[in-house]
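>>> Here is a sequence with its predicted model. Questions after.
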Amino acid sequence: EMPAFDMVRASVNLIVAGILISIGTSLKLPLSTTYVTFMVAMGTSLADRAWGRESAVYRVAGVINVIGGWFLTAFVAFIAAATAAYLISLGGILMVAILLMVVIGLMLRSSIKFQKNTKEKRKQRHIERAELITINGVIEETSDHISQVIRRVNKLYSNVVDDLSRHDLNKLKKNDKQISKLNDEVNELKDEAFYFIKSLDDSSVEASRFYLLVLGYLQDISQSISYISKASFKHVNNNHKNLKKGQVKDLKVISVELADILTDIEHIFESREFDSLNSVLSKKQHLFSHVSHSVEKQINRIRTEESSAKNSTLYFGNLLETKDLINAIMSLVELYQEFHLNMKKAKIDI
């Protein structure tokens, strides 16, 4: 049978919380039943030593958030109500009318600002081309996007691995902001795909599908690097244990190999040397094998050594997301290689 440990804790929580609420109510004390129950649960988990380094930060943060939220909202409500009452007592009906006008004005200002920002985003990259875009234009446009994204992903991934190995919270935070900016730019490109496709000439309609697929893979790439960055930042921010030396070593080896591939891809798309894409694809399986081997090594560590659950979760998550990142990059390269070969067969000068 399963141990009755959790049932004992639940019984203690129920009985102690019920007794405290009953005593407080009989003494006509102002109390919150939710808060009493919450603190009893915190107390029992502390007494049975469930507060480890991996979970203590969440428990303490929960207590502080509950208490801080109550005090902050009460203080803000008190100040706002006192200010409004004082102004009304000075000005009477006239002040009530003024306050209503201020509220209406703020609501209108917020609405106008929102509509203005929406229009600016739509116009920001609106079609500014005087001529219709040809297939060559699509290739130039997508090549520029790919080289820029790959260059930034190369730097960002290396930074995440280095900063995580050093447990550098500030640099991880800065890196996460840069990745969020990259995500926004890629999403913006996808939002404006309609205008780009509409600007294609009649002979380039087939290129629209290609353009959408490229943007889809770029979005997958940015989402993968975003997941890795956010998971690493959250791990360090919550003061969890550092990665072990073996884990850091494996991640850095993968980072170096991935950086070599990304550098080659960036060069190919900047110089438009698409015939060299096959050399990049030939490195795919070796990198996949290295990631899979790192996963197996971590499984063995868990079985033979003392391992932290949060540490292992982060490590497995980053490895698997790295595999998804590599897959998205290679799928993008394969797509471009196929498109390039089709264009050569059709005798189109790329």
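Now that the structure is in, tell me what you want to look at.
>>> Double-check that residue 307 belongs to a strand.
No. Per DSSP: H, G, I helix; E, B strand; the rest coil, residue 307 lies outside any strand segment and is coil.
>>> Let me know the pLDDT of it.
Among the per-residue scores, residue 307 holds a pLDDT of 71.
>>> Please name the residues that touch it.
By CB atoms under 8 Å, 6 or more residues apart in numbering, the contact list for residue 307 reads residue 301. From N, CA and C alone the C-beta is placed, and that goes for glycine too.
>>> residues near the nearest residue to residue 33 once chain neighbours are set aside, how many?
Of all residues not flanking residue 33 in the chain, residue 21 sits nearest, at 5.4 Å (CB to CB, 6 or more residues apart in numbering). Residue 21 has 17 neighbouring residues, counting by other CB atoms under 10 Å.
>>> host element of residue 21?
In the assignment (DSSP states H and E), residue 21 maps to helix 5-26.
>>> what's the answer for residue 31, then?
Using DSSP H and E, residue 31 falls outside every helix and strand.
>>> Just give me the neighbour total for it.
Counted with other CB under 10 Å, the neighbours of residue 31 add up to 14.
>>> per-residue confidence for the residue lying closest to it once chain neighbours are set aside?
Nearest residue to residue 31, sequence neighbours excluded (CB to CB, 6+ apart): residue 24, at 4.4 Å. Listed pLDDT for residue 24 reads 90.
>>> same deal with residue 272?
pLDDT recorded at residue 272 is 87.
>>> What of residue 341?
The pLDDT attached to residue 341 in the predicted structure is 81.
>>> Kindly report the same for residue 131.
41.
>>> Also residue 280?
So residue 280 comes in at 89 (pLDDT).
>>> What are the buried residues along the helix or strand hosting it?
Using DSSP H and E, residue 280 sits in helix 277-281. Across helix 277-281, burial judged by 16 or more other CB atoms under 10 Å covers 277, 280.
>>> by contact count, what packs against it?
helix 245-271, helix 309-345 (3 or more CB pairs under 8 Å, 6 or more residues apart in numbering; DSSP states H and E).
>>> Could I get the buried residue list for the longest one?
It stands for helix 309-345. 310-312, 314-315, 318-319, 321-323, 325-337, 339-340, 343.
>>> and if you look at the first one?
Taking 16+ other CB under 10 Å as the neighbour-count basis, helix 245-271 is seen to contain the buried residues 247-248, 250-251, 254-255, 257-259, 261-262, 264-266, 268-269.
>>> Give me the residues contacting the helix holding residue 21.
Contact with helix 5-26 is made by 31, 33, 36, 37, 40, 41, 43, 44, 45, 48, as judged by CB under 8 Å, 6+ apart.
>>> what about burial for these, which qualify?
36, 37, 40, 41, 44, 45.
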